[in-house]
Each structure stands twice: as C-alpha cells, then as structure tokens.
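# One predicted model, sequence on top.
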Amino acid sequence: MKYEVKVLKVGEFVPDMLENGDMVIFDDCPNDTLADVCYMHTRCEITAPIEVGDTVIVGTKSYCITAIGDEALHTLQELGHCTFKFDGLPEVELPGQISLKGDDDPDLLSVGDKICIK
C-alpha cells in the first residue's frame, strides 16, 4: 500500500458531500466547520509515489485515479487532506483534488473503515 488510513469520525454533512460527488478527508482538522464535512482519519505517510492509474479503495469499493491536482499529494502528505471527486475526468477542477473512476458510487463509510491507495 502506498497510503492507508482508518476512519475515526464521520462529519455530519459527509452524506451531502457524497451526493454531490465529493469526499473530503482530513486527519487533523482544526476548523470545526470543515470537520462537519470530512472523514477524520488516522495519520499516514505516503510510502511510494501516487500516480494516475493507481487504485484507491474506499471501504469495499475500488476506483482508478484519472487525474491528480498540483497540490493534492502535498496536502495529503502534510495534512492528511484531499478531495476525491468521483467524476473520472482526465483533469481536476481544483489543485487539491484527485479524480476517480469506478463502476459504483461510493458508500458512506463508518468508523473503522479504511481508505487506501495502491
């Protein structure tokens, strides 16, 4: 695994974010407003380069990375923060975003579920 974290808390508005096609994840969110729309998770170091074509596992579902924003890997490494956009597009809309393609929409995660990149 290049990256693997466990969900510690699910923000109140995460279901709304998933309905809009986004998932925002944090490991240490000092801003209470952001914590309401995030999955809080354990801290992890990126152990190998993350690239387009890699697989992201969200709970039990797998997705292929189709695009990575210029800031996404930096903020993931430094803050544990990244926005996953389940649009499968070859370009991201935001610099901190990773676009993903898969057969199914993501399920709402629970405490203890994993988010992995391999």
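Great, that's in hand.
# Which residue, other than its chain neighbours, is closest to the residue nearest the centre of the chain?
Nearest to the mean C-alpha position of the chain, counting by CA atoms, centre = their mean, stands Phe84 at 4.5 Å. Distance criterion CB to CB, 6 or more residues apart in numbering; nearest residue to Phe84, sequence neighbours excluded, is Met23 at 4.5 Å. All C-beta atoms are positioned from the backbone trio N, CA, C, and that covers glycine.
# I'd say the one you found and Pro106 touch.
Yes - counting by CB atoms under 8 Å, Met23 touches Pro106, with 6.3 Å between them.
# Quick one: name whatever helix or strand follows the helix or strand of the chain with the lowest mean pLDDT.
Sorting the helices and strands of the chain by mean pLDDT, DSSP states H and E puts helix 32-35 at the bottom, at a mean of 74. Counting by DSSP states H and E, the next helix or strand C-terminal to helix 32-35 is strand 38-41.
# The chain: strands as residue ranges?
Per DSSP state E, the chain carries strands over the ranges 3-10, 22-26, 38-41, 55-58, 61-68, 82-85, 97-101, 114-117.
# Let me know which of the ones you listed is the nearest to Thr75.
Among these, the nearest to Thr75 by CB to CB is strand 82-85 (6.3 Å).
# Return the list of strands paired to the closest one, each annotated with direction.
strand 22-26 (antiparallel), strand 97-101 (parallel) (DSSP bridges).
# Considering those, which stretch scores lowest in mean pLDDT?
Among the strands paired with strand 82-85, strand 22-26 has the lowest mean pLDDT, at a mean of 82.
# Which residues does that strand contact?
For strand 22-26, the external contacting residues (CB atoms under 8 Å, 6 or more residues apart in numbering) are 5, 14, 17, 34-35, 37-41, 58, 79-86, 106, 115.
# Next, the angle from that strand to strand 3-10.
Interaxial angle of strand 22-26 relative to strand 3-10 (axes from the mean of the first three to the mean of the last three CA atoms, to 10 degrees): 100 degrees.
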